[in-house]
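Participant: coordinates only, no sequence provided:
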């Protein structure tokens, strides 16, 4: 034993066989274990990337929706102002219409009252005329019946006028 490490054919043969065995074992293990593990890791990586892409797209969509809703909120205030403006205009129109109708009704009532007053005035005038005719007839009857002179006749006229009253005669 003069050498520490004896290189002989058996050792070389065992080393080569061991290397071939390790290589074959590596290939078999690579095919059976490493490739499925790589596929699993690749699948997880793809899934994570898809989730990231989906989250990014969802975030962009959410930002768009947020901007859209903010724009709608701004427009809602404008729409509310337009609706309120239209409601005010309708209210003013209704108010004007109601006021006009009330004025027309008041004018009709006043016109009817004037017509009734005019009719009443005519009726009273007719009554006064009838009364004056009756008084004149009575005077004529008294004059004819008494055959009196003008002084007595003037006295009768004065007496009749006093009976009728000053306001009746003047109106």
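Facilitator: Everything's here; your move. Given the structure is predicted, the values throughout are model-derived calculations rather than measurements.

Participant: against residue 133, how distant is residue 139?
Facilitator: 11 Å (CB to CB, to the nearest Å). C-beta: built from backbone N, CA, C; applies to glycine.

Participant: more neighbours: which of these two?
Facilitator: residue 139 (15 against 10; other CB atoms under 10 Å).

Participant: check which helix or strand covers the more buried one.
Facilitator: Take DSSP states H and E as the rule and residue 139 turns out to sit in helix 35-146.

Participant: and that helix, what does it pack against?
Facilitator: Counting contacts by 3 or more CB pairs under 8 Å, 6 or more residues apart in numbering; DSSP states H and E, helix 35-146 packs against helix 150-164.

Participant: give me the pLDDT for the residue nearest to the spatial centre of the chain.
Facilitator: Nearest to the geometric centre of the chain sits residue 83, at 4.9 Å (CA atoms, centre = their mean). At residue 83, the model reports a pLDDT of 92.

Participant: so the helix holding residue 139 versus helix 150-164, what angle?
Facilitator: Angle, helix 35-146 to helix 150-164, by axes from the mean of the first three to the mean of the last three CA atoms, to 10 degrees: 160 degrees.

Participant: work out the gap between helix 35-146 and the centre of the chain.
Facilitator: Offset of helix 35-146 from its chain centre (CA atoms, centre = their mean, to the nearest Å): 11 Å.

Participant: now for residue 52, how many residues are close by?
Facilitator: If you count neighbours by other CB under 10 Å, residue 52 ends up with 10.

Participant: distance check, it against residue 58.
Facilitator: For residue 52, the distance to residue 58 - CB to CB - is 11 Å.

Participant: and residue 24, by the same measure?
Facilitator: Residue 24 sits 49 Å away from residue 58, going by CB to CB.

Participant: and residue 84, by the same measure?
Facilitator: 38 Å.

Participant: can you read off the pLDDT for residue 150?
Facilitator: At residue 150, the model reports a pLDDT of 74.

Participant: same question for residue 154.
Facilitator: Reported pLDDT for residue 154: 78.

Participant: I'm done for today, thanks for sticking with me.
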